[in-house]
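# Could you look at this predicted model? Sequence included:
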Amino acid sequence: MGYVVRRLLSVVPVMLVVAVIAFLLIHLSPGDPAALIAGDFATADDIARLHTALGLDEPLWRQFGLWAGKLLQGDLGTSIFTHVPVTQLLAQRVQPTLSIALLTMSLSILIAIPLGVLAAYRAGTWIDRLVMVFAVLAFSVPVFLVGYLLIYGFAVKLQWLPVQGYTDLSHGVWPWLRNLILPCVNLALVYIALITRMTRATVLEVLHEDYIRTARAKGLSVLPVLEHALRNAAIPIATTVGVGIALLIGGVVVTETVFAIPGLGRLVIDAVEHHDYPVIQSVLLISAAAYVLINLLIDLSYRLFDTRIRY
Amino acid sequence: MKKTLLNAFAAAAMAVSCALAPVTGVHAQEKTLRMALHADLTVLDPTFTTAYITRTFGYMMYDTLFAMDAKGEPQPQMVDHYKTSEDKKQWTFTLRDGLKFSDGQPVTAADCVASLQRWTARDNIGHTLAAAGGKWQAVDDKTFTLTLERPFGLVLDGLAKVSSYPAFILPERLAKMPADRPLTEVVGSGPYLFKRDEWLPGSKVVFVRNPDYVARSEAPSGLSGSKHSNVDRVEWIVLPDSNSAIAALKNKEVDLIEQTPPDYIEPLRAESDIHVGVIEQNQAYMVLNQAFPPFDNIKARQAVAHVINQAEFVAAMGYPPDLRRDYCATFFICGSANDTDAGSQPYAKPDLDAAKQALSESGYKGEKIVVMLPTTPTYLNSATLVAIQALQTLGMNLDIQSMDWASMTARRSKKVPLNQGGWNVFLSSASEFNVNSPLNNTYLAASCGNTLPGWPCDKELDKLRAQWIASIEPDKRRQLLEQFQTRAYQAFPNIPVGQFSRTFSANKSLKHLDLMWSIPNVWVLDK
């Protein structure tokens, strides 16, 4: 328990550093939200007036102070463009991104771990080579290209699934799932490749351990042996899966753009393009927090696989 | 036991089929028009920004007193009838019966006066109207007047101005709000209601038909006539990826794409169930910073104009040959009412010798010239690359700085020397309604002392513009227009680099596609 509390407290300085760096990077980069809001035919006077109205002509330290003060009260601010509270924007975007992340990782785990174990068990055979060829291909082909191919095949030609959009889970499981199948398959390919390779490598290593040889010599059948091997190989695999989830939350930008899914990835891209400072800062902070918390969960999960581990 | 198993199986099958069956949405019986627009809606106040997406939102939400018909003639819209004195200095307008805002309140003359005062403060025609001593006054609930000290030949054109800023009518309390930041409340006078509860910034904007909107009885033409919506609901879907947007159109997930990316026009024309139509003319132009050397010198601007080959620019933008003009002589859109070739002759064909001569006379000695190269949109990136090549043939010492659109819009408003982050050249483009007259044309309408990026200033142009505005006699106005353009071809407030047609793409199953005009006047469409 003490370990968990210590780890949770360690989040505070991390978030502070992220907040300062995010604020400085964003405000010091070229670009001006006032110029974008004012439009293409705006005069310098129009832009200057808007600067004042938005408080963008205040010194940087004062802008940071105001933002940090609100943040401490749980107020993430309001979008400069839409005037919608950032918390509301985030609330609208969390479900699509979490849905993609969870479905993608579920699909990846369900396919990749059996595939990796099979490849390890049949190491050196045509099955192993086939699995590895698939893994290399899935790694190498760019996500957007696979996305376009999936859209062309399953949406435009076969018309089985929609090209774009997201349906809220409250409208039913199938409408929700229907919009997520193509993006999740698109994203999962990379993770299937990654987890398959990791599983194969670690299980293969364990399969050469003395205790496995002993178990097999004692007549234990294949499945229990593989179960033992997988349990002992689980820690690196769990780490890969955990890091994968954390990366996924911040890394769905391309998929959300190709499939027009209104998730956090799209939100941050739109915010960066518009220089919508409060939105960028908030998404960066939340992504950092999610990353830290997922890492903590990964560390805690090690005890499930190996009870000898103590914190 | 067997029966129990069968029952259980049937129940499970029913549960699964219920889960998998498409949900019958609450909007299933409604006619819904789904369209992908060129940008995401972020600002809800069309009296605040010149962004086209907000202007289009304005046409969904608000009505105007007058509106342009398909021939470009202003027609009464919210106004029932009007009269003017012989000297055109006194105007009286009377509103139609039964006009209401979306909150149920009647539209009154006081709302119109407040809205027009807000518009006057922002728009360049409004500015000019105020400079002519224009004063708006409500007479009673339905009648208001405009009194001018000097003749102003463009009152109806101004009130029917298409873009940007159109003279939208808002409730008085909103119109009187401070104009230094955008309005966030939307109470419209137009054909649709904004569904704020369904608005998902970056993804979807939803409108439903305004049941209180009183449409005109005339058939729709351009932005005038009946605006009775044939569909119950309109959804703007944000599709940032062009390839996915086209796939969504083919898959009938969207009915219409407002702006077809140039390189998709030919493939879409080959599709039997998709219609590709022209929505408006556009002009690309080059802006030279006239606040600093070398382009503060008229000869340097003329030198650049001499190396412009419009055919190369429009070809680079990727539009098919039938949607681009190899050469357009006018600053005011070829084919428009103000089309003229006055003054263009010396620049009709690229002339490198004349360009070098003019550059030499300007005193340019190889100083660094900063060209801002936008990475997006693609067509402007391509056009800027052509401009760079043209400037290099002149022997200019270029510093090409690549940046995103947001950075460019911020940078170009800075009136500072190069060593403090200034610039010399950028390219942009505009809809025909932002260039087709000496008052609409953003750069040609900018009088000395303006704060427009590039800071154009020519006193002779200012004088001719004022004369053109004051003139109410057609022949005289035409003569002044030609003199104005002749001077523009000497002073070059900006340099047109080509005219092209923007296209929309739609499923052929949509009805009345032939009535689409200028902006997505979606009320004409039916499914």
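Sure thing, it's come through. What you see is a predicted model, and the numbers here were worked out from it, not measured in a lab.
# switch to C-alpha atoms for all contacts and neighbour counts from now on
Noted.
# in the stretch 401-527 of chain B, what residue is nearest chain A?
Nearest to chain A in the stretch 401-527 of chain B, going by C-alpha to the nearest C-alpha, is B:Ser407, at a distance of 3.8 Å.
# touching chain A at all, the longest strand seen in chain B?
In chain B, ranked by residue count with DSSP state E as the criterion, the top strand is strand B:274-288. No - using C-alpha under 8 Å from any C-alpha of the partner chain, strand B:274-288 never reaches chain A; the gap is at least 12.3 Å.
# and that strand, average pLDDT?
The average of the pLDDT scores along strand B:274-288 is 95.
# Quick one: distance of it to the chain centre.
What separates the centre of strand B:274-288 from the centre of its chain is 10 Å, taken as C-alpha atoms, centre = their mean, to the nearest Å.
# can you dump the C-alpha coordinates of the following helix or strand past it into PDB?
With elements assigned by DSSP states H and E, the helix or strand that comes after strand B:274-288 is helix B:298-306. Provided in PDB are the C-alpha atoms of helix B:298-306 (Å, rounded to 0.1, in the frame of the first residue of the first chain):
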ATOM      1  CA  ILE B 298       6.100  50.300 -57.400                       C
ATOM      2  CA  LYS B 299       8.700  49.200 -60.000                       C
ATOM      3  CA  ALA B 300       9.600  46.100 -58.000                       C
ATOM      4  CA  ARG B 301       6.000  45.100 -57.900                       C
ATOM      5  CA  GLN B 302       5.700  45.600 -61.600                       C
ATOM      6  CA  ALA B 303       8.800  43.500 -62.200                       C
ATOM      7  CA  VAL B 304       7.200  40.600 -60.300                       C
ATOM      8  CA  ALA B 305       3.900  41.000 -62.300                       C
ATOM      9  CA  HIS B 306       5.900  40.800 -65.500                       C
END
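# so where's chain A uncertain?
Residue ranges of chain A with pLDDT under 70: A:250-251, A:311.
# Quick check: nearest residue in space to the residue of the stretch 51-200 of chain B found nearest chain A, chain neighbours excluded?
Ranked by C-alpha to the nearest C-alpha, the top residue of the stretch 51-200 of chain B for proximity to chain A is B:Ala51, at 4.5 Å. Excluding the flanking residues, the one nearest B:Ala51 by C-alpha to C-alpha, 6 or more residues apart in numbering or on different chains is A:Gly39, at 4.5 Å.
# Then B:Leu170?
B:Ser115 (5.7 Å).
# a helix runs through that neighbour, doesn't it?
Yes - in this structure, B:Ser115 lies within a helix as judged by DSSP: H, G, I helix; E, B strand; the rest coil.
# Next one: it, what pLDDT does it get?
What the model reports as pLDDT for B:Ser115 is 97.
# so what's it up against?
B:167-172, B:175-176 (C-alpha atoms under 8 Å, 6 or more residues apart in numbering or on different chains).
# One more: B:Lys88?
B:151-153.
# let's see 10 Å
B:146-153, B:155, B:472 (C-alpha atoms under 10 Å, 6 or more residues apart in numbering or on different chains).
# Columns secondary structure, neighbour count and pLDDT on top of these, output as TSV?
Listed next are the contacts of B:Lys88 as TSV, based on DSSP: H, G, I helix; E, B strand; the rest coil; neighbours: other C-alpha atoms under 10 Å in any protein chain shown; pLDDT from 0 to 100:
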residue	secondary structure	neighbour count	pLDDT
B:Leu146	strand	19	97
B:Thr147	strand	18	96
B:Leu148	coil	20	94
B:Glu149	coil	15	93
B:Arg150	coil	15	87
B:Pro151	coil	20	82
B:Phe152	coil	24	85
B:Gly153	coil	19	80
B:Val155	helix	20	92
B:Ile472	coil	16	80
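# of these, closest to B:Pro220?
Of all the contacts of B:Lys88, B:Val155 has the smallest distance to B:Pro220: 22.3 Å, by C-alpha to C-alpha.
# residues in contact with the closest residue to that closest one other than its chain neighbours?
Sequence neighbours aside, B:Leu129 is the residue nearest to B:Val155 in space, at 7.7 Å (criterion: C-alpha to C-alpha, 6+ apart). If you count contacts by C-alpha under 10 Å, 6+ apart, B:Leu129 has them with B:120, B:123, B:135, B:148-155, B:158, B:469.
# Endpoint to endpoint, stretch B:177-184 covers what distance?
End-to-end distance for stretch B:177-184, by C-alpha to C-alpha, to the nearest Å: 11 Å.
# quick one: it near chain A?
Yes - Stretch B:177-184 comes into contact with chain A (C-alpha under 10 Å from any C-alpha of the partner chain), by way of B:179-184.
# now do stretch B:500-507
No - judged by C-alpha under 10 Å from any C-alpha, stretch B:500-507 and chain A are separated, with a smallest distance of 14.4 Å.
# returning to that earlier point: right, and the residue nearest to B:Ala51 touches B:Asp45 too?
No - using C-alpha atoms under 10 Å as the test, A:Gly39 is too far from B:Asp45 to be in contact (11.7 Å).
# thought B:Leu239 was touching B:Ala36?
Yes - using C-alpha under 10 Å, B:Leu239 is in contact with B:Ala36, at 6.3 Å.
# give the contact list for the residue nearest to B:Ala51.
A:46-47, B:43, B:48-54, B:164, B:409.
# residue ranges of the helices in the stretch 201-311 of chain A, please?
Under the criterion DSSP state H, counting those that start in this stretch, helices of the stretch 201-311 of chain A are mapped to A:210-217, A:222-232, A:234-250, A:253-258, A:264-274, A:277-305.
# Tell me what angle the longest one forms with helix A:222-232.
If you take axes from the mean of the first three to the mean of the last three C-alpha atoms, to 10 degrees, helix A:277-305 sits at 130 degrees to helix A:222-232.
# Helix A:277-305 near chain B anywhere?
No - using C-alpha under 10 Å from any C-alpha, helix A:277-305 stays clear of chain B, coming no nearer than 12.1 Å.
# tell me which of the contacts of A:Gly39 is nearest to B:Phe331?
Among those, B:Ser164 lies closest to B:Phe331 (C-alpha to C-alpha), at 17.9 Å.
# Need the three-state assignment for the residue in the stretch 101-250 of chain A that chain B sits nearest to.
Here the residue of the stretch 101-250 of chain A nearest chain B is A:Trp174; by C-alpha to the nearest C-alpha that distance is 4.6 Å. For A:Trp174, the secondary-structure state derived from three-state DSSP is helix.
# on that earlier part again, now the contacts of B:Ser115: which count as buried?
B:167-172, B:175 (16 or more other C-alpha atoms under 10 Å in any protein chain shown).
# In a markdown table: these, plus pLDDT.
Converted to a markdown table, the buried ones among the contacts of B:Ser115 look like this (pLDDT from 0 to 100):
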| residue | pLDDT |
| --- | --- |
| B:Ala167 | 96 |
| B:Phe168 | 97 |
| B:Ile169 | 97 |
| B:Leu170 | 96 |
| B:Pro171 | 97 |
| B:Glu172 | 97 |
| B:Ala175 | 95 |
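# among these, which are in helices?
Within the buried ones among the contacts of B:Ser115, residues falling in helices by DSSP state H are B:172, B:175.
# Double-check that B:Leu427 belongs to a helix.
No - applying three-state DSSP, one finds B:Leu427 to be strand, outside a helix.
# quick one, what contacts it?
Residues counted as contacts of B:Leu427 (C-alpha under 10 Å, 6+ apart) are B:284-288, B:371-374, B:380-381, B:383-385, B:387, B:494-497.
# Among those residues, name the buried ones.
Buried members of those, counted by 16+ other C-alpha under 10 Å: B:284-288, B:371-374, B:380-381, B:383-385, B:387, B:494-497.
# Can you tell me the element whichever residue of chain A sits closest to chain B falls in?
The minimum distance from chain A to chain B, using C-alpha to the nearest C-alpha, falls at A:Gly31 (3.8 Å). Using DSSP H and E, A:Gly31 sits in no helix or strand.
# hang on, it packs against A:Ile37?
No - counting by C-alpha under 10 Å, A:Gly31 does not reach A:Ile37; the two are 11.8 Å apart.
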